[in-house]
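*Asks:* Got a predicted model here, sequence first, then my questions.
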Amino acid sequence: MKVTIFGSGYVGLVTGACLAEVGNDVLCVDVDERKIDLLKAGGVPIYEPGLEEMVRKNTAAGRLSFTTDVAAGVAHGLFQFIAVGTPPDEDGSADLQYVLAVARSIGEHMEDYRIVVDKSTVPVGTADKVRQALAGVLESRGRNLEFDVVSNPEFLKEGAAIDDFMRPDRIVVGTDNPRTAELLRVLYGPFNRNHDRLVMMDIRSAELTKYAANAMLATKISFMNEMSALAEKLGADVEAVRRGIGADPRIGYHFIYPGCGYGGSCFPKDVKALIHTGRSVGHAPAVLEAVEAVNDRQKAVLHDKLKAHFGDLAGRTIAVWGLAFKPNTDDMREAPSRVLMEALWADGATVRAHDPVAMEECERIYGERPDLVLCATPEEAAEGADALALVTEWNLFRSPDFQALREIMKSPVVFDGRNVYDPQRMADEGFIYHAIGRPEVNPRPA
Ligand SMILES: NC(=O)c1ccc[n+]([C@@H]2O[C@H](COP(=O)([O-])OP(=O)(O)OC[C@H]3O[C@@H](n4cnc5c(N)ncnc54)[C@H](O)[C@@H]3O)[C@@H](O)[C@H]2O)c1
Ligand SMILES: O=c1ccn([C@@H]2O[C@H](COP(=O)(O)OP(=O)(O)O[C@H]3O[C@H](CO)[C@@H](O)[C@H](O)[C@H]3O)[C@@H](O)[C@H]2O)c(=O)[nH]1
């Protein structure tokens, strides 16, 4: 089938590559010329495991191509996917300008029936706005063409995006037209083979489902971070509590890892947007507000602990392991590392940082500054550091040579923002070790 995708970011590019992989003829449209040039030249603008190979393979096979030509995009696909950004506006609401710009572009260029599939995360009622925007342009052109608008939110996780798309837990489709529902069932057939993963519903429910999923996951994380704060005060170990509650299948082990807060381009923005939606319809979203407040507090936890340990941080050097908001991505949007580094800089401390893939992104965000030293290896970052803060749980950081680490650091103090190390082992290795919601073990005397 012929598919056009507007937006070649995480969602658009993964959707395009995966739909091409199963044999569709996909054209990706983006307004960013540099991105399209890079994609045409065989490069991929983001780090996502497996994506570059898949893009290259399908481009070579002629099933996947890229353009900035909007008219060509509208002419190409029966399906017109919208996968552009919906960043937070100043008041926390989702900014729909890019989504509506695509809707108008489709209206300007379409000459035949089109199915507009919204994959961007958008507030309830957006499909109506898309329909109005598109119909308004058609009307100004004096054209009476048929089209449908479908809500098809995306649930992929960065770092595991290809796998999530190819083997989805569910595919949510919100539509009011049975014929369109059938066409989407055919398009998604290859991802829906063993048992039916399509969850069909009305459009507004599909739009809300996306926010509900992210808000529920964010709630689990903030809940566990709340438990970690309680555990610290009460002398309990949140990791034992996590295992104890996760064993209950009604709770489950997923998304109950305490840490230094959730980041990324989705949870923070989507929780904010749902809070805004709630307020705008006269509902006080008490749970969501608490989820956000706990997360803001949690992102400050490593800095609070460093301050409690050292008092004044001016002139100190802190090694930061991990810059990306989570492992297997170079994305630093809303990353806890940013909150930590910015607080350290405000205190007059120097950061020596390492991340396996996000250092270029860090440089792009912060530029060159004397209090940020990006280091080629984790060990180099730790050299001469007063303390080490682990922010992102990359596998690379899981089993360092602790003896060598102790020797290169100025003082053996570790703040573990993801609870990856064993407190007893750290004590045995001679470290002063602070984790999230775990009792402290006194280090073995040297
Ligand atoms: N990143 C994720 O993991 C993820 C997962 C599920 C859903 N989402 C949602 O999907 C949407 C896209 O997210 P993303 O992370 O892929 O965004 P992104 O910022 O990585 O990419 C968006 C792309 O859209 C392009 N664009 C903007 N206006 C355009 C236009 N008029 N025509 C064509 N292209 C245009 C931009 O140049 C950019 O390349 C958001 O609503 C997001 O909340 C994201
Ligand atoms: O137990 C956990 C799980 C995650 N996190 C943090 O939560 C954030 C988000 O992680 P994750 O959900 O894995 O990454 P995203 O790529 O942001 O994916 C989320 O956001 C996407 C965009 O909407 C959705 O499509 C996905 O289903 C949803 O998981 C990261 O900072 C993680 O460190 C925790 O602190 N504890």
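*Replies:* Yep, that arrived. Numbers count the residues shown, from 1 in each chain. Ligands and ions are numbered 1, 2, ... in the order given.

*Asks:* List the contacts of Met175.
*Replies:* You called it Met, but residue 175 is Thr. Asp148, Val150, Ser151, Ala181, Leu184, Met200, Asp202, Ile203 (CB atoms under 8 Å, 6 or more residues apart in numbering). Glycine gets a C-beta too; all of them are placed from N, C-alpha and C.

*Asks:* Show the model's pLDDT score for Cys375.
*Replies:* The confidence metric pLDDT takes the value 98 at Cys375.

*Asks:* My error: substitute Ala446 in the last question.
*Replies:* Looking at Ala446, the pLDDT reads 62.

*Asks:* measure the residue in the chain positioned nearest to ligand 1 to Lys35 for me?
*Replies:* Residue nearest to ligand 1 within the chain: Gly9 (1.8 Å; CB to the nearest ligand atom). From Gly9 across to Lys35, the span is 8 Å (CB to CB, to the nearest Å).

*Asks:* Equivalent analysis for Thr121, please.
*Replies:* 20 Å.

*Asks:* Quick one: distance of stretch 337-348 to the chain centre.
*Replies:* 22 Å (CA atoms, centre = their mean, to the nearest Å).

*Asks:* Let me fix that, I meant to ask about stretch 80-94.
*Replies:* For stretch 80-94, the distance to the chain centre is 14 Å (CA atoms, centre = their mean).

*Asks:* Glu361 and Thr329 touch, don't they?
*Replies:* No - taking CB atoms under 8 Å as the definition, Glu361 is not a contact partner of Thr329, at 9.5 Å.

*Asks:* Have a look at Thr121 and Lys35 and say which one is more surrounded.
*Replies:* Thr121 (24 against 21; other CB atoms under 10 Å).

*Asks:* Now for the more buried one, which secondary structure element holds it?
*Replies:* For Thr121, there is no helix or strand it lies in under DSSP states H and E.

*Asks:* Looking at it now. What's its pLDDT?
*Replies:* 97.

*Asks:* can you pull the contacts of Asn144?
*Replies:* Asn144 neighbours (CB under 8 Å, 6+ apart): Leu138.

*Asks:* Need phi/psi at it.
*Replies:* Backbone torsions for Asn144, taken as degrees, to the nearest 10, come to phi -120, psi 80.

*Asks:* Ignoring the adjacent residues along the chain, who's closest to Arg425?
*Replies:* Phe402 (7.8 Å; CB to CB, 6 or more residues apart in numbering).

*Asks:* Is there a neighbour count for that neighbour? I'd like the number.
*Replies:* By other CB under 10 Å, neighbour count at Phe402 equals 17.

*Asks:* any idea how far it lies from ligand 2?
*Replies:* 24 Å (CB to the nearest ligand atom, to the nearest Å).

*Asks:* check contacts around that residue.
*Replies:* Arg425, Met426, Glu429, Phe431.

*Asks:* One more: Glu361?
*Replies:* By CB under 8 Å, 6+ apart, the neighbours of Glu361 are Leu323, Ala324, Asp330, Asp331, Met332.

*Asks:* Name the SS class of it, please.
*Replies:* On the three-state scheme (DSSP: H, G, I helix; E, B strand; the rest coil), Glu361 is labelled helix.

*Asks:* And the pLDDT for it?
*Replies:* pLDDT at Glu361 comes out at 97.

*Asks:* can you check Ala349 too?
*Replies:* Per the predicted model, pLDDT is 98 at Ala349.

*Asks:* Wait, it touches Thr317, no?
*Replies:* Yes - contact criterion CB under 8 Å: Ala349 and Thr317 qualify, at 6.9 Å.

*Asks:* Using JSON lines, lay out the contacts of Glu361 together with secondary structure and pLDDT.
*Replies:* Listed next are the contacts of Glu361 as JSON lines, based on DSSP: H, G, I helix; E, B strand; the rest coil; pLDDT from 0 to 100:
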{"residue": "Leu323", "secondary structure": "coil", "pLDDT": "98"}
{"residue": "Ala324", "secondary structure": "coil", "pLDDT": "98"}
{"residue": "Asp330", "secondary structure": "coil", "pLDDT": "94"}
{"residue": "Asp331", "secondary structure": "coil", "pLDDT": "94"}
{"residue": "Met332", "secondary structure": "coil", "pLDDT": "97"}
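
*Asks:* just curious, which of those is nearest to ligand 2?
*Replies:* Closest to ligand 2, out of all of the contacts of Glu361 and judged by CB to the nearest ligand atom, is Asp331, at 7.7 Å.

*Asks:* Wait, that closest one touches Phe325, no?
*Replies:* Yes - Asp331 lies in contact with Phe325 (CB under 8 Å); the separation is 5.8 Å.

*Asks:* list the contacts for Tyr47?
*Replies:* Thr329, Asp330, Val357.

*Asks:* what about the second one, neighbour count?
*Replies:* When neighbours are counted by other CB under 10 Å, Asp330 registers 21.

*Asks:* sorry, back to before: out of the contacts of Tyr47, the closest to Arg297 would be?
*Replies:* Thr329 (24.2 Å; CB to CB).

*Asks:* Quick check: phi and psi at the closest one.
*Replies:* According to degrees, to the nearest 10, Thr329 has phi -150, psi 160.

*Asks:* Please read off the pLDDT at it from the model.
*Replies:* Thr329 is given a pLDDT of 92.

*Asks:* quick one: it from Asp163, how far?
*Replies:* Relative to Asp163, and taking CB to CB, Thr329 is found at 14 Å.

*Asks:* residues in contact with the closest residue to Asn419 other than its chain neighbours?
*Replies:* Nearest residue to Asn419, sequence neighbours excluded (CB to CB, 6+ apart): Ala435, at 5.0 Å. With contacts defined as CB under 8 Å, 6+ apart, Ala435 is in contact with Asp416, Asn419, Tyr421, Pro423.

*Asks:* Apply 7 Å and report the result again.
*Replies:* Asp416, Asn419, Pro423 (CB atoms under 7 Å, 6 or more residues apart in numbering).

*Asks:* The second one - how many residues pack around it?
*Replies:* A count of nearby residues for Asn419, using other CB under 10 Å, gives 22.

*Asks:* so it makes contact with Ile436?
*Replies:* Yes - with contacts counted by CB atoms under 7 Å, Asn419 reaches Ile436, the gap being 5.5 Å.

*Asks:* pLDDT at the residue lying closest to Lys307 once chain neighbours are set aside, what is it?
*Replies:* Of all residues not flanking Lys307 in the chain, Leu313 sits nearest, at 6.4 Å (CB to CB, 6+ apart). The confidence metric pLDDT takes the value 98 at Leu313.
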